[in-house]
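Engineer: Pasting the sequence and the predicted coordinates here, then a few questions.
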There are 2 protein chains.
Amino acid sequence: MSMSGSPIAIPARRGKAALVTKGQSIRVINTHGEQVVDTWAFRRDDMTEFMSMEHSRARIQRLIPSVGDSMLSNHRRPILTFVEDTSGGIHDTLMAACDVYRYRCLGCPGYHDNCTDNLAQGLGAIGLAPPETPSPLNLFMNIPWTSEGVLSFEPPVSTPGSYVLLRAEMDLVIAFSACPQDILPINGVGRTPTEAHFLLE
Amino acid sequence: MSMSGSPIAIPARRGKAALVTKGQSIRVINTHGEQVVDTWAFRRDDMTEFMSMEHSRARIQRLIPSVGDSMLSNHRRPILTFVEDTSGGIHDTLMAACDVYRYRCLGCPGYHDNCTDNLAQGLGAIGLAPPETPSPLNLFMNIPWTSEGVLSFEPPVSTPGSYVLLRAEMDLVIAFSACPQDILPINGVGRTPTEAHFLLE
């Protein structure tokens, strides 16, 4: 495994996308420790095939993937494998990317940055467009469940500089959003979205 | 609430769709007691707006909706509300519709009926086509979770003739698939998919 670059910023409240070659790994770094990073992966030569939470759960039979698990595409092919995780292992596969509708429901009067638009913006910056908005892999997002199935939105358990290492199982377009959620405490009780970083290795 | 018709069959291993007017209720009947019914709802005048499991979970903050809960569309608008449930209250929002890829992974050599194709077939019979395959509301499907987040595929707990009553919160196209899964025991330990029925009220 060779380093092939410097960390790339996912700016606070914004999206960022990159091309990844099969076999490369992507280190997603929670730079300041409490930032949720919505993550999408699309097959590079046919973006209608993409990482799918609902297909992945049927394969890994877990609510949260852990080291050794491969996420599946909507064609049930391995697309990203969890290789390392120093973040505490708390991520989310249940919640939709935030969007203009979400912030309207939360009482925001005007436009609010959101992960759905960030996906389009991040891909747009490299000349691409999402075929739809797949449900994201929400790295570092803490959505605990009870035995009765009650869900809540809680601050991350990750620490500054902790990371997840994901291996690309096919040639990919990877896209991230540093989630701009500042109403619920999912980016920490300070409700202050920050940047995060990733590194292609 | 007035009865407006006879029960409509969702044939074993097949799909069925219908137009529903805002305010009507849809009674989904587990006729033989152990049949999973994959359920989708699309806004009638713009099918790119549809019932979304990932948006609904963020609103209801539960893994399984129960009476009084409204499922949301991908525009975060109420689309279907649980009005009654005599089935035991066990349904699934986590698993993708089965598809040709699923049965290939499960070792089926040739074509196998599947809910994804049934969605297209059911809509096709009324001259419509799905804009994509949203993750379905899997009525009567029993996917328990542990405190560690481990999921399993179990037989339904529902009984013959039990039902769920859903109110349409907008003019809809509703689509069902009587899931043809006969390898895993999600349609009962006998692994024998059956018909189910629905009634517009």
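Structural biologist: It's in.

Engineer: What distance do you get for A:Asp99 to A:Ser147?
Structural biologist: A:Asp99 is 30 Å from A:Ser147, where distance means CB to CB, to the nearest Å. Every C-beta, even on glycine, is put in place using the N, C-alpha and C of the backbone.

Engineer: Same check on A:Val20?
Structural biologist: 38 Å.

Engineer: of those two, who's got more company?
Structural biologist: A:Val20 (22 against 9; other CB atoms under 10 Å in any protein chain shown).

Engineer: Quick check: A:Asp113 touching A:Gln181?
Structural biologist: No. In this structure, A:Asp113 is not within contact of A:Gln181 by CB atoms under 8 Å, at 9.2 Å.

Engineer: and A:His32, which of the three is it?
Structural biologist: coil (DSSP: H, G, I helix; E, B strand; the rest coil).

Engineer: make that A:Glu54, sorry
Structural biologist: Strictly by three-state DSSP, A:Glu54 counts as helix.

Engineer: hang on, the earlier thing: of A:Asp113 and A:Gln181, which one has the most company?
Structural biologist: A:Gln181 (24 against 21).

Engineer: Can you tell me the element the more buried one falls in?
Structural biologist: Taking DSSP states H and E as the definition, A:Gln181 sits outside all helices and strands.

Engineer: Now for it: which residues touch it?
Structural biologist: A:36, A:98, A:187, A:191, A:193 (CB atoms under 8 Å, 6 or more residues apart in numbering or on different chains).

Engineer: what does chain A have sitting close to chain B?
Structural biologist: Residues of chain A lying close to chain B (CB under 8 Å from any CB of the partner chain) are A:52-55, A:57-59, A:61-64, A:74-77, A:94-96, A:99, A:101-102, A:104-105, A:132-133, A:135, A:145, A:147-152.

Engineer: Looking at strand pairing, list the partners for the residue nearest to A:Leu123 when sequence neighbours are not counted.
Structural biologist: Excluding the flanking residues, the one nearest A:Leu123 by CB to CB, 6 or more residues apart in numbering or on different chains is A:Ala17, at 4.9 Å. A:Ala17 has these beta-bridge partners by DSSP bridges: A:Ala175.

Engineer: Could you pull up the residues touching A:Ala17?
Structural biologist: A:122-123, A:125-126, A:128, A:173-176.

Engineer: pLDDT value on the closest residue in space to A:Met141 that isn't next to it in sequence, please?
Structural biologist: What sits nearest to A:Met141 in space, not counting adjacent residues and going by CB to CB, 6+ apart, is A:Asp92, at 3.8 Å. According to the prediction, A:Asp92 has pLDDT 98.

Engineer: From A:Asn187, how far off is A:Asp92?
Structural biologist: Per CB to CB, A:Asp92 is found 13 Å from A:Asn187.

Engineer: any shared contact partners between these two?
Structural biologist: In contact with both A:Asp92 and A:Asn187: A:Val36, using CB under 8 Å, 6+ apart.

Engineer: top helix in chain A by residue count?
Structural biologist: Longest helix of chain A, by residue count under DSSP state H: helix A:115-124.

Engineer: What is that helix packed up against?
Structural biologist: Where contact means 3 or more CB pairs under 8 Å, 6 or more residues apart in numbering or on different chains; DSSP states H and E, helix A:115-124 is packed against strand A:15-20, strand A:37-43, strand A:172-178.

Engineer: Then A:Thr81 would be within a helix, right?
Structural biologist: No. Counting by three-state DSSP, A:Thr81 is located in no helix; its state is strand.

Engineer: does it have beta-bridge partners, and which?
Structural biologist: A:Ser70, A:Arg167.

Engineer: Around it, count how many other residues there are.
Structural biologist: 17.

Engineer: Could you check the pLDDT of it?
Structural biologist: For A:Thr81, the predicted pLDDT is 98.

Engineer: ok, now the one 3 residues further on?
Structural biologist: Here the pLDDT value assigned to A:Glu84 is 98.
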